[in-house]
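Asker: sequence and predicted model, in that order:
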Amino acid sequence: MKIGIVGMPNAGKSSLFNALTKAGAEAANYPFTTIEPNVAVVPVHDERLDQLAEVIGASEIVADTIDFHDIAGLVAGAHKGEGLGNQFLSNIRETDAIVHVVRCHGDDNVIHPEGRVDPIADIETIETELIYADLEQAEKRLERVVRTARGGDKAAIAERAWLEQLIAGYHEGKPARTSPMPDDVDRGQTVQPLTAKPVLFVANVDEGDSVVPAAVAQHAEANAAKAVAISSRIEAELSELDDDEAAIMREELGVEESGLVRIVRGAFDLLELNTFFTVGSGVRAQSWHLKRGLTVWHAAGEIHTDIQQGFVRAEVVNWAELIDAGGYSQARDRGTLRIEGRDYVMQDGDVITVKHTN
Ligand SMILES: Nc1ncnc2c1ncn2[C@@H]1O[C@H](COP(=O)(O)OP(=O)(O)OP(=O)(O)O)[C@@H](O)[C@H]1O
Ligand SMILES: [Mg+2]
């Protein structure tokens, strides 16, 4: 899963990225510090996995990961190739979701590219660039689809209606997220708007704050997005400390939970993902993610395509029930471990063992 961190120059993207990774990407008080997109692979910490590993006696723990991409600051005119425009847009295109960092802090030492702090204006600058890029694409696609639709092709007629709706929305500043693609449109053929990607706004607030400014929260709500508040700089500083020191400093600052935990959780929500586990005695305990509503057959495919191709059946047990029983055979005796076929819809926290022929 890939998440792109976007925002205005100097908004606090690299600081957040550093906090996420301690990767040490350069965070400096100077616009356009980030030229190449940096990628960080961030493990998703999950208590449940640790407990499962211990009870079952796994040899090691392999946590699910999210790839965060630190994308350089987007400026007005990016869609026309201004700043590092086109490069930004193509970097964003490759991601599954967007974390949009918005400067909300009032530290005068940090230069703002427009010389003022206005979170909504900044959000709109970024969104306008993405919408322009989407508009251009949608108009081009519409020209072609209009011709196919004239021939009476059903998918083309549905696509034409959707594209017209998108274009009308773009003119009003509405992201594609607010007009989801109808089922009868051929997903593989049509446009993939940047503004259809799920967005998590990160309000980069002053040290000690933990509330999303009302205007940002309202904007998120009105645009089918979510929002969390963190201080990028504090999170970056905390990530340099060891866990005990960080906990003490958090307490002093009154920031209870790691902002990063909130971001990772926000990302799971955003992408509508469930977690599932595989664990065995003397082998790895591993956590995985899967889109909500998908089946154990899809889950098998996440583990390995060979396992999916040779799928016979799966043993499924809820993580807490497995721990409560104390092991697989006890869970089987209790009847909490079930045999399921390929159409079983995965639930968050399922532990699976796939029986396969390969
Ligand atoms: N919440 C905050 N309060 C005060 N200063 C902050 C906060 N967050 C970040 N900063 C400071 O703002 C400056 C810019 O941060 P950063 O380099 O992370 O921005 P960026 O969005 O990556 O910029 P660029 O677009 O140039 O890559 C840094 O000096 C950083 O320490
Ligand atoms: Mg940067």
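Answerer: Perfect, I can see it now. Numbering: from 1, shown residues only. Ligands and ions are numbered 1, 2, ... in the order given.

Asker: surely residue 247 is in a helix?
Answerer: Yes. Residue state for residue 247 (DSSP: H, G, I helix; E, B strand; the rest coil) corresponds to a helix.

Asker: host element of the closest residue to residue 308 other than its chain neighbours?
Answerer: In space, not counting the residues next to it along the chain, residue 308 is nearest to residue 301; the distance is 3.8 Å by CB to CB, 6 or more residues apart in numbering. Using the backbone N, CA and C atoms, a C-beta is placed for each residue, glycine as well. Taking DSSP states H and E as the criterion, the element that holds residue 301 is helix 296-303.

Asker: give me the mean pLDDT for that helix.
Answerer: Mean per-residue pLDDT for helix 296-303: 97.

Asker: list the helices and strands the helix or strand following that helix packs on?
Answerer: Following helix 296-303 in sequence order, the next helix or strand is helix 305-309 (DSSP H and E). Counting contacts by 3 or more CB pairs under 8 Å, 6 or more residues apart in numbering; DSSP states H and E, helix 305-309 is packed against helix 296-303, strand 350-356.

Asker: return the residues of the stretch 101-250 of the chain in contact with ligand 1.
Answerer: 105, 107, 110, 204, 206, 231, 232, 233 (CB under 6 Å from any ligand atom).

Asker: of these, closest to ligand 2?
Answerer: When those are compared for distance to ligand 2 (CB to the ion), residue 232 comes out closest, at 10.2 Å.

Asker: which parts of the stretch 151-300 of the chain are strands?
Answerer: In the stretch 151-300 of the chain, the segments counted as strands under DSSP state E, counting those that start in this stretch are 199-204, 226-230, 273-278, 284-291.

Asker: mean pLDDT lowest where, among those?
Answerer: When those are compared on mean pLDDT, strand 226-230 scores lowest, with a mean of 92.

Asker: which elements pack onto that one?
Answerer: For strand 226-230, the helices and strands in contact under the criterion 3+ CB pairs under 8 Å, 6+ apart are strand 199-204, helix 214-222, helix 259-270.

Asker: got TSV for these, with mean neighbour count too?
Answerer: Formatted as TSV, the entries for those read as follows, by neighbours: other CB atoms under 10 Å:
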stretch	mean neighbour count
strand 199-204	26
helix 214-222	15
helix 259-270	19
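
Asker: separation between the residue positioned nearest the centre of the chain and residue 5?
Answerer: Geometric centre of the chain, nearest residue: residue 267, 3.8 Å, by CA atoms, centre = their mean. When CB to CB, to the nearest Å is the yardstick, residue 267 and residue 5 sit 11 Å from each other.

Asker: which residues do those two both contact?
Answerer: In terms of CB atoms under 8 Å, 6 or more residues apart in numbering, residue 267 and residue 5 are both contacted by the residues residue 99.

Asker: what is the burial count for the residue of the stretch 101-250 of the chain at minimum distance from ligand 2?
Answerer: With CB to the ion, the shortest gap between the stretch 101-250 of the chain and ligand 2 falls at residue 101, namely 9.5 Å. Residue 101: 26 surrounding residues under other CB atoms under 10 Å.

Asker: rewinding a little: I'd assumed residue 98 was in contact with the residue nearest to the centre of the chain.
Answerer: No. Judged on CB atoms under 8 Å, residue 267 makes no contact with residue 98 at a distance of 10.1 Å.

Asker: which residues do these two both contact?
Answerer: When contacts are counted by CB under 8 Å, 6+ apart, residue 267 and residue 98 are jointly contacted by 3, 200.

Asker: hang on, the earlier thing: what's the least confident stretch among the helices and strands packed on strand 226-230?
Answerer: Among those, helix 259-270 carries the lowest mean pLDDT, a mean of 81.

Asker: which residues sit against that one?
Answerer: Contacts of helix 259-270 (CB under 8 Å, 6+ apart): 1, 3, 16, 19-20, 42, 44-45, 66, 97, 99, 198-200, 202, 226, 228, 230-231, 234-235, 239, 275, 289.

Asker: ok, back up a step: TSV for the helices and strands packed on helix 305-309, including distance to residue 147?
Answerer: Compiled in TSV, those are given as follows (distance: least, CB to CB, whole Å):
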stretch	distance to residue 147
helix 296-303	36
strand 350-356	47
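
Asker: what's the closest of these to ligand 2?
Answerer: In this view, those are compared for proximity to ligand 2 by CB to the ion, and helix 296-303 is the closest at 31.9 Å.

Asker: quick one: contacts for the nearest residue to residue 178 once chain neighbours are set aside?
Answerer: Here the nearest residue to residue 178 in space, its sequence neighbours aside, is residue 224; by CB to CB, 6+ apart that works out to 5.5 Å. Under the criterion of CB under 8 Å, 6+ apart, the contact partners of residue 224 comprise 175, 177, 178.

Asker: great, nothing more from me.
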